[in-house]
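With the input below, show me the fold.
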Amino acid sequence: MAKDYLGDRVRRLRRLATLTQEGLAERSGISLDTIRRLEQKPQSSVQLPTLHALASGLGVELTSLLGDPPGAPSSGESDSPQLVAVRRAIMPPLFVPPAPPRDLSTLSLDRIRRDLAWGWTLYHAAEFDDLLNSLPGLLTDARFAAAVGDAGQRAAGQAALSKALQLGGHLAIRMGKTDLALSSLERAMTAADASSDPLLAPMISNSVAWAYQRQARLDDARNLAVHAADWVEREHSETSEGLRVWGGLLMSAATSHARSGDYQRASDMMVTAEKAAERLAKIPTPQDGKLLSVFSKSSVRIERVRLAVQHDRPTEALSLARGMRLSKDTPPSWRTWLLLDVARAHTDLGNGSGAVKALESLRRHAPAWMRHHTLAVAIVRDLWNWPSRPAGVRPLAQFLGIVD
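As a prediction, this is how the structure comes out:
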């Protein structure tokens, strides 16, 4: 099967949009020389703000340029039975009685919360097949819990349903199904409004902002994150839960600024977020932190490294990453991003041994994420195509299926 590179996708999508190279340059704000270079050298890489601008000019989602997202690869065929089951659980069919819970005799909010925590653990570990299989039952149980009992029990059930639908939205984003993700997140927002947890809605807003980013709707993502962050700052900034949610929203808004090309403003916001994260050590830790926003000094620094790499600042990225001590609650998915960005920075600086070392560490600690992640494939392919291949790159290329 022929490899599909970024330049190939740009050329194909440009022709489908009946645009000349000059027309795409005008609509995207990207120089004609950059577009010509991409199409003439399909394996070339560009920074993320350029990808967002190209996606906007072509009128497509960002995933159309990135290729298969870091989730389950798409074969172009119809959805798998597991994904169909998730769709059905997120959007139950009309005029059909609700599905019964898996086991009414053991159903309780405590069990649903434990299942939710386990579902998020599977997500962060990139165990997407297991999550696809378990999510429909979790959604069914949570939807039942949201409809029975007294007012307090129903509100608690709605909170569980909101988090389950948020998980469904995140999984759909990872699989490149952003429309399904937004459908799930809209339902999550409705359930959040029916719960008694005031922080649920802004948490879901952060997820919606991420989906908007994947669709290159950067203004929408930024405005939503800022609006939600302002509300949380006014009402809940003195609690650990509120600070975590606010911090996650601030990071999201900064990312949208960066991907729109305003790196300095994004960097300033990230510094503010990192300083705010220091306050967490002085505030009691929430009981269910796994179900809150992933916000800590580690997560902010990881995001700062990512933005530096994406804006062609590899030396700055490595300086930020040097000596970093990750907190124990940093999910595997965030550790993965850090190692990938370190590898990318070393590659950009021509340090093949440093890139291979980071990728070998990633393979040891998160092989599932590495197999699914398009950035890992892109970095290893770049290293493989160097005139003088770095030592150790062949096993990585074989692991990712780049070479036999």
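
List the contacts of stretch 16-35.
Val10, Arg14, Arg36, Glu39, Val46, Thr50, Ala53, Leu54, Ser56, Gly57, Leu58, Gly59 (C-beta atoms under 8 Å, 6 or more residues apart in numbering). (Glycine included, C-beta is placed from N, CA and C.)

Just give the nearest non-adjacent residue to the second one, would you?
Taking C-beta to C-beta, 6 or more residues apart in numbering, and ignoring the residues beside it in sequence, Arg14 has Leu24 as its nearest neighbour in space, at 5.2 Å.

Could you chop the chain up by domain?
Domain ranges of the chain: 6-66, 79-197, 216-321, 331-404, per automatic domain parsing.

Mind putting these into a markdown table with mean neighbour count, mean pLDDT and distance to Ile204?
Listed next are those as a markdown table, based on neighbours: other C-beta atoms under 10 Å; pLDDT from 0 to 100; distance: least, C-beta to C-beta, whole Å:
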| stretch | mean neighbour count | mean pLDDT | distance to Ile204 |
| --- | --- | --- | --- |
| domain 6-66 | 17 | 81 | 20 |
| domain 79-197 | 18 | 92 | 5 |
| domain 216-321 | 20 | 86 | 9 |
| domain 331-404 | 18 | 89 | 19 |
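
Ok, which of those domains comes nearest Ser205?
domain 216-321 (4.0 Å; C-beta to C-beta).

The contacts of stretch 16-35: which two are farthest apart?
So, the contacts of stretch 16-35 by C-beta to C-beta: farthest apart are Arg36 and Gly59, at 20.4 Å.

Go ahead and produce PDB holding the CA coordinates of the helix or strand hosting Ala201.
Here Ala201 sits within helix 200-214, counting by DSSP states H and E. Only the C-alpha atoms of helix 200-214 are listed here, as PDB (Å, rounded to 0.1, in the frame of the first residue of the first chain):
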ATOM      1  CA  LEU A 200     -19.100  19.700  35.600                       C
ATOM      2  CA  ALA A 201     -20.300  22.200  32.900                       C
ATOM      3  CA  PRO A 202     -16.900  24.000  32.700                       C
ATOM      4  CA  MET A 203     -15.100  20.700  32.600                       C
ATOM      5  CA  ILE A 204     -17.200  19.600  29.700                       C
ATOM      6  CA  SER A 205     -16.600  23.000  28.100                       C
ATOM      7  CA  ASN A 206     -12.900  22.200  28.100                       C
ATOM      8  CA  SER A 207     -13.600  19.000  26.200                       C
ATOM      9  CA  VAL A 208     -15.700  20.800  23.700                       C
ATOM     10  CA  ALA A 209     -12.900  23.300  23.200                       C
ATOM     11  CA  TRP A 210     -10.600  20.400  22.400                       C
ATOM     12  CA  ALA A 211     -13.000  19.100  19.800                       C
ATOM     13  CA  TYR A 212     -13.300  22.500  18.200                       C
ATOM     14  CA  GLN A 213      -9.500  22.600  18.000                       C
ATOM     15  CA  ARG A 214      -9.500  19.300  16.200                       C
END
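
counting contacts, what elements does that helix pack onto?
helix 62-66, helix 151-174, helix 178-194, helix 218-236, helix 240-259 (3 or more C-beta pairs under 8 Å, 6 or more residues apart in numbering; DSSP states H and E).

switch to 6 Å and redo it
helix 151-174, helix 178-194, helix 218-236, helix 240-259 (3 or more C-beta pairs under 6 Å, 6 or more residues apart in numbering; DSSP states H and E).

What lies in contact with that helix?
62, 162, 166, 169, 173, 178, 181-182, 185, 188-189, 192, 220-221, 224-225, 228, 232, 245, 248-249, 252 (C-beta atoms under 6 Å, 6 or more residues apart in numbering).

next one: it to chain centre, how far?
Remark: helix 200-214 is offset 10 Å from the chain centroid, using C-alpha atoms, centre = their mean, to the nearest Å.

pLDDT on it, on average?
Mean pLDDT, helix 200-214: 94.

Show me which positions of that helix end up buried.
Residues 200-214 are the ones in helix 200-214 that count as buried (16 or more other C-beta atoms under 10 Å).

Can you tell me the closest non-neighbouring residue to Val300?
Glu274 (4.4 Å).

Now the one you found: which helix or strand?
Per DSSP H and E: helix 263-277 holds Glu274.

Show me how far that helix is from its chain's centre.
19 Å.

counting contacts, what elements does whichever helix or strand comes after that helix pack onto?
Sequence-wise, the next helix or strand downstream of helix 263-277 (DSSP H and E) is helix 297-310. On a contact count with 3+ C-beta pairs under 6 Å, 6+ apart, helix 297-310 meets helix 263-277, helix 314-321, helix 332-348.

now the ones you listed as TSV including distance to Ile30?
Below are the helices and strands packed on helix 297-310 laid out as TSV (distance: least, C-beta to C-beta, whole Å):
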stretch	distance to Ile30
helix 263-277	17
helix 314-321	21
helix 332-348	20
